[in-house]
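Colleague: Take this sequence and fold it.
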Amino acid sequence: MTDMLISFFGTTGFAQLTVGNIVMILVGLTFIFLAITKNYEPLLLLPIGFGAIIGNIPSIPSMGIGVYDEGSVFGYLYWGVRSGIYPPLIFLGIGAMTDFSTMLSNPKLILLGAAAQAGIFITLIGALYLGFTPAEAGAIGIIGGADGPTAIFLSSKLAPHLLGAIAIAAYSYMGLVPVIQPPIMKLLTTKKERLIKMKPPRTVSKREKILFPIFGLLVCALIVPGSLSLLGMLFFGNLLKESFVTERLAETARTAMVDIVTIILGFTVGASTQAQTFLTPQSLGIFALGATSFAVATAAGVIFAKIMNLFSKNKVNPLIGAAGVSAVPDSARVAQIEGLKEDPTNHLLMHAMAPNVAGVIGSAVAAGLLWSIFVK
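Modeller: From the prediction side, this is the model:
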């Protein structure tokens, strides 16, 4: 009887639990706490956090339970991450729920979305300096775009062995947008700049809204073909929305479909953070570089807005420059909140959405460019 009990205990997770597993379970619990109590990207952090707990419950290797085990259920679900299938589906849903009219009404704000991509390329240089290969550096740098699906897509192509660390870093910083961005925004702007009121955006015609996804795709994809998977689905989803003849498809894309994919993507990414493969000096380096990348991207957007004001009669509130990262719509909301703190009548949300959605396009273009450069 004793031998049977000892044998049974050897098959339990308690017998194989390591300090690393405990650490990652605590990380998962922290994500769940932030999602529920702080409302930090709950649709992402809660599935990732629960996935991290599941991914760090040890089992007998021959049972094939984890995402890295051949033939496991979680492994099949994680295949969509490794093969880059889920990110384009997320982009389809984003396109179907995004209104590009503010960006179209004031095209110069696109430059803020482009400026915020500076964090990607500066971090790429830093990663090369720390000894990462060019392909790995490109995958790490994309974290600065604050776009989880894009980070997953590019790392699955350039550095699949770093996918878990890059995905967790990208989604973590997306969730912490309300914490990371405000201090940078306040540090780089004066009270007078934060009080700037912008002119209301002009009304964009239905024709413009329909033509934009078509011509936007042609221009971006012909210049950077590597962005086709992401931008093709983004613009397709937007055309479904703006055409008004496929409302049922658009509704499905922006609700049921994107919700299902988000659940599976977040959960399996979390489950991929097994301590044995995740808690390494390399992963910690990726987190440090990701934080730097995100901070630089935020600062670049704010600084570029200040530069634009030197040459423009219609001043831009620099706070919206921080929305140039791709965390839609959280970074735009942060700009709105910071603006209201200075002046309760100064509503910046609609203006901030312009660089915000431009940042989504910019990060996808940057990912396509890096893929084209570093593809083997």
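
Colleague: list the contacts for Ile196?
Modeller: Residues in contact with Ile196 (C-beta atoms under 8 Å, 6 or more residues apart in numbering) are Lys315, Val316, Asn317, Pro318. From N, CA and C alone the C-beta is placed, and that goes for glycine too.

Colleague: can you count the residues close to the third one?
Modeller: This points to Asn317. Asn317 has 23 neighbours, counted by other C-beta atoms under 10 Å.

Colleague: Would you quantify the distance from the residue positioned nearest the centre of the chain to Val365?
Modeller: Central residue of the chain (C-alpha atoms, centre = their mean): Asp147, 2.0 Å from the mean position. Going from Asp147 to Val365 by C-beta to C-beta, to the nearest Å gives 11 Å.

Colleague: where's the dip in pLDDT among the contacts of Ile196?
Modeller: Looking at the contacts of Ile196, model confidence by pLDDT dips furthest at Lys315: 91.

Colleague: what does the model give the closest residue to Pro182 other than its chain neighbours for pLDDT?
Modeller: Excluding its sequence neighbours, the residue lying closest to Pro182 (C-beta to C-beta, 6 or more residues apart in numbering) is Glu338, at 5.8 Å. With respect to pLDDT, Glu338 scores 94.

Colleague: what's the burial count for Glu338?
Modeller: A total of 23 residues lie near Glu338 under the criterion other C-beta under 10 Å.

Colleague: From Pro183, how far out is it?
Modeller: 10 Å.

Colleague: which residues does Ile90 contact?
Modeller: Contact analysis of Ile90 by C-beta under 8 Å, 6+ apart lists Pro149, Val258, Val261, Thr262, Leu265.

Colleague: switch the cut-off to 6 Å
Modeller: Ile90 makes contact with Pro149, Val261, according to C-beta atoms under 6 Å, 6 or more residues apart in numbering.

Colleague: So what's the gap between the regular element (helix or strand) spanning it and the chain middle?
Modeller: Using DSSP states H and E, Ile90 maps to helix 86-97. Distance of helix 86-97 from the chain centroid (C-alpha atoms, centre = their mean, to the nearest Å) equals 12 Å.

Colleague: Other residues contacting the next helix or strand after that helix?
Modeller: Once helix 86-97 ends, the next helix or strand along the chain (criterion: DSSP H and E) is helix 101-105. Here helix 101-105 makes contact (C-beta under 6 Å, 6+ apart) with Pro201, Arg202, Val204, Glu208, Met350, Met353, Ala354, Val357, Ala358.

Colleague: Could you list which of the residues you listed belong to helices?
Modeller: Assigned to helices by DSSP state H, the following of these qualify: Glu208, Met350, Met353, Ala354, Val357, Ala358.

Colleague: Of the residues you listed, which is the nearest to Asp343?
Modeller: Relative to Asp343, the closest of these is Met350; by C-beta to C-beta it sits at 15.6 Å.

Colleague: And the closest one, how close does it get to Lys108?
Modeller: Going from Met350 to Lys108 by C-beta to C-beta gives 15 Å.

Colleague: related to what we said a few turns ago, ok, of the contacts of Ile196, which one's closest to Ile53?
Modeller: Closest approach to Ile53 among the contacts of Ile196 (C-beta to C-beta): Pro318, at 40.7 Å.

Colleague: so who does that closest one touch?
Modeller: When the contact criterion is C-beta under 6 Å, 6+ apart, the partners of Pro318 are Thr189, Glu193, Val302, Ala305, Lys306.

Colleague: so of these, which ones are in strands?
Modeller: The strands, defined by DSSP state E, take in nothing from the contacts of Pro318.
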